[in-house]
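S.K.: after the sequence you'll find the predicted model.
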Amino acid sequence: MNETMIRRYVREILLEKIRSKRGVKNRYGRDRFDLNQFKNMVSADAMIAYASTYLERLGEGSSRLTFIFSGNKVLKIAKDAAGVAQNEAEIIIHTSPSSVSISAAQVTTKIYDMDDNYRWLTAEMVSPMPALDPAKFKEFTGMDWEKFVKIARGPDVNINDDIGIPSGVQKMIVTVQSLMNDLGLKPGDLFRIDHWGVNGNGQMLLLDYGFTVDVRDKHYMPADPNAAPPPPKEKTANLVKRPSPDDPENFVSTIIT
């Protein structure tokens, strides 16, 4: 698939989705989404109700909702503590330095803005891969989805020995393995095809990447009353750097879970 076709494919899909509820007035007295007003809201229920009035809902998971925020961004709102933890995890992963040849930021959707308490974030919008059509993955990467998963999950595979792997996919595989081994991302996020999508430049990106081992253990696993208390958590403040609002916007962000 050439570059023109890629851009046309992504543009057509996104234009179908980008619809904002304009001209609607309610108790907020406004006819367009006001980010400053949204930022001042205290409860998750208020934020979700406000976003639902003015923005198109894109997806919903167990702990977060995603809305189309603009032509190239999505807004992810946490519904509960687990959603807050997933937002925080995505911010840490996207901004963490990496020891591999490509940083996590180059295979994950960009994060543009965030709440200081991780209740919401705005991220790059991409067109997700259809869950029932893995052939689309090959159109954009040159590699079968099943083969990608098998190699990326295999800890003893030397990707340099497989001449059938496109160079761009080799870098993706190395980075995906680092996301699992170094940053604790669970395979459940990495190896769901609908958690990957394509931006306006035809780049394959991971759009939902907040389900880490730490998030799972704290929010999705039943507590063991006989377990020893956990060790003190290592501070991660130095890893989390607020993205600059001047970052170039290649495209609009993610769906979520």
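M.R.: Noted; the coordinates are in hand.

S.K.: and the closest residue to residue 194 other than its chain neighbours, what are its phi and psi?
M.R.: Of all residues not flanking residue 194 in the chain, residue 131 sits nearest, at 4.2 Å (CB to CB, 6 or more residues apart in numbering). Backbone N, C-alpha and C define where each C-beta goes, glycine included. Main-chain torsions, residue 131, degrees, to the nearest 10: phi -60, psi -30.

S.K.: now do the same end-to-end measure for stretch 107-124.
M.R.: For stretch 107-124, the separation between the terminal residues is 12 Å (CA to CA, to the nearest Å).

S.K.: which regions of the stretch 151-257 of the chain sit below the pLDDT cut-off?
M.R.: Under the criterion pLDDT under 70, the flagged ranges of the stretch 151-257 of the chain are 155-163, 222-257.

S.K.: for the stretch 1-150 of the chain, what spans make up the strands?
M.R.: For the stretch 1-150 of the chain, strands defined by DSSP state E, counting those that start in this stretch occupy the ranges 56-60, 64-68, 73-78, 111-114, 120-125, 127-128.

S.K.: re earlier: is it true that the residue nearest to residue 194 touches residue 197?
M.R.: No: at 11.6 Å, residue 131 does not count as touching residue 197 under the criterion of CB atoms under 8 Å.

S.K.: and those two? which has more neighbours close in?
M.R.: Ranked by neighbour count (other CB atoms under 10 Å), residue 131 and residue 197 place residue 197 first, with 26 against 10.

S.K.: so who does the residue nearest to residue 194 touch?
M.R.: Residue 131 makes contact with 192, 193, 194 under the criterion CB atoms under 8 Å, 6 or more residues apart in numbering.

S.K.: which pLDDT does the model give it?
M.R.: Per-residue confidence (pLDDT) for residue 131: 82.

S.K.: do you know how far it is from residue 206?
M.R.: Spatial separation of residue 131 from residue 206 under the definition CB to CB, to the nearest Å is 15 Å.

S.K.: coming back round to it: ranking the contacts of residue 131 by neighbours, who comes first?
M.R.: The most crowded member of the contacts of residue 131, judged by other CB under 10 Å, is residue 193 (19 neighbours).

S.K.: report the spatially closest residue to it, excluding sequence-adjacent ones.
M.R.: With CB to CB, 6+ apart, the residue lying closest to residue 193 is residue 129, at 4.8 Å.

S.K.: now residue 130
M.R.: Leaving aside its chain neighbours, residue 130 sits nearest to residue 136 (5.8 Å; criterion: CB to CB, 6+ apart).
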